[in-house]
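Undergrad: sequence-free structure coming up:
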């Protein structure tokens, strides 16, 4: 079954009701199965209740209630037989059943050979000389397809491996395939909500997601989660995080999105806006998750490395998104840029304690990373003045050598 795209080549956005009307008018009946497909399908009709629920696009509870009404008792070991399955297909997949009736006839009971005559328009049936009152003909039930246009907040987005599920009220959607999703992201729920991303615009038919109009929101979010996971997993393995792998992961992300992430947990945007304005165009702000050991566990904090270029010197500004954290300044050349960032990564993501204090004291490791100095956060104007003074004097000093 195919659905045409909801967007035509026009600058005008269709009203959502028009979009839904268009969806309704573009469903085509599925083509009949080929003989080979039928042989495969026959084998699938003997399956567990869970698999049958997925194939019929039903929740397990709805399917269980239907089987109960058919007098079929189910348990974990009980598998559906072909005899059980066909009435379910006829009931819940009526179009599919009609399209492939020639195959299903193989399992239908043979027609009765009793000598009976049915008079059209009469409610009586003559059978072997007897007159019997016929039962009223049962009207065929045509299910109503409910189409929804939803704004889904992130607390109602649930991650599975290679898919997401949307919660709508008390109901859940069928899985929507998304290759980058991972079930482990559910442990980052608090972090996801803290990023304050705009809701997903989801179109659903019944409990099936047809499209997500602002899919880039999901793609960008999952990408930044991958960066965070990279730091956490490598920390657990005591393996350095590769700057090259991080730069490759963030390649599709816009500077605008990265800056939005940086601003999500900060109270004063002036610092981030200024560093963004001064950012060297050949590099993006680089997300760095600072690992902070606490007893037997650890937590992470969002930080970023901004890059300011003056002449041939690059100033790497390590800025935290949390209030009260100082700004640290490192220097590098074009040739040593990645190596210097890698050293900063190794340091920030390590299990060392009091990392910032060691940088302030300019120990041996700080010297290896070319840590120039640090600036405490007070007022924005004071911070900006000190930062510009450090860069100016450093530039004059390097030119005089």
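TA: Noted; the coordinates are in hand. Treat the numbers as computed from the prediction; the structure is a model and nothing was measured. Numbering: from 1, shown residues only.

Undergrad: what ranges do the strands span in the stretch 51-200 of the chain?
TA: For the stretch 51-200 of the chain, applying DSSP state E, counting those that start in this stretch gives strands covering 116-118, 124-127, 130-133, 147-152, 157-160, 163-168, 171-172, 176-177, 200-205.

Undergrad: my bad, the stretch 251-400 of the chain
TA: Along the stretch 251-400 of the chain, the segments classed as strands by DSSP E, counting those that start in this stretch run 286-294, 297-310, 313-320, 327-332, 371-375.

Undergrad: If I take the fourth one and strand 297-310, what angle do their directions form?
TA: Meaning strand 327-332. With axes from the mean of the first three to the mean of the last three Cα atoms, to 10 degrees defining the directions, strand 327-332 sits at 60 degrees from strand 297-310.

Undergrad: what does the first one give?
TA: Taking the same axes, to 10 degrees, strand 286-294 and strand 297-310 form an angle of 150 degrees between their directions.

Undergrad: ok, back up a step: residue 288 is nearest to which of the strands of the stretch 51-200 of the chain?
TA: Closest of the strands of the stretch 51-200 of the chain to residue 288 is strand 157-160, at 23.5 Å (criterion: Cβ to Cβ). Just so you know, the C-beta spots here come from the backbone N, C-alpha and C atoms, and that holds for glycine as well.

Undergrad: quick one: buried residues of stretch 242-259?
TA: By 16 or more other Cβ atoms under 10 Å, the buried positions in stretch 242-259 come out as 243, 246, 250, 253, 257-259.

Undergrad: need the strands of the stretch 251-400 of the chain in JSON lines with mean pLDDT, can you?
TA: Formatted as JSON lines, the strands of the stretch 251-400 of the chain follow (pLDDT from 0 to 100):
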{"stretch": "strand 286-294", "mean pLDDT": "82"}
{"stretch": "strand 297-310", "mean pLDDT": "87"}
{"stretch": "strand 313-320", "mean pLDDT": "92"}
{"stretch": "strand 327-332", "mean pLDDT": "93"}
{"stretch": "strand 371-375", "mean pLDDT": "89"}
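
Undergrad: can you list the domains in the chain?
TA: 24-102, 147-213, 238-400 (automatic domain parsing).

Undergrad: For residue 222, find the nearest of those domains.
TA: The closest of those to residue 222 is domain 147-213. By Cβ to Cβ, the value is 4.6 Å.

Undergrad: Check the offset of the closest one from the chain's centre.
TA: Taking Cα atoms, centre = their mean, to the nearest Å, one finds the center of domain 147-213 at 6 Å from the center of the full chain.

Undergrad: Now do that domain: distance from first to last residue.
TA: Across domain 147-213, the terminal residues are separated by 15 Å (Cα to Cα, to the nearest Å).

Undergrad: Begin at 17, not 1, for the rest of this chat.
TA: Right, with 17 as the first residue, what we last looked at is domain 163-229.

Undergrad: I'd like the mean pLDDT over that domain, please.
TA: For domain 163-229, mean pLDDT is 90.

Undergrad: Repeat that for stretch 64-78.
TA: Mean predicted confidence for stretch 64-78 is 74.

Undergrad: Would you mind listing the buried residues in that stretch?
TA: For stretch 64-78, a neighbour-count test (16+ other Cβ under 10 Å) marks 65, 68-69, 71-72, 74 as buried.

Undergrad: And for stretch 358-365?
TA: By neighbour count with 16+ other Cβ under 10 Å, stretch 358-365 contains the buried residues 358-361, 363-365.

Undergrad: quick one: which of those residues is nearest residue 86?
TA: Residue 86 has its nearest neighbour among the buried residues of stretch 358-365 in residue 365, at 58.1 Å by Cβ to Cβ.

Undergrad: The closest one against residue 253, yeah?
TA: No. Counting by Cβ atoms under 8 Å, residue 365 stays clear of residue 253, with 11.3 Å between them.

Undergrad: Please list the residues outside the helix or strand where residue 249 lies that contact it.
TA: When elements are assigned from DSSP states H and E, residue 249 belongs to helix 231-253. Contact with helix 231-253 is made by 173, 180, 194, 196-198, 200-201, 204, 207-208, 211, 213-214, 216, 228, 256-257, 261-262, 265-266, 268-270, 273, 277, 303-305, 307, 314, 316, 365, 367, as judged by Cβ atoms under 8 Å, 6 or more residues apart in numbering.
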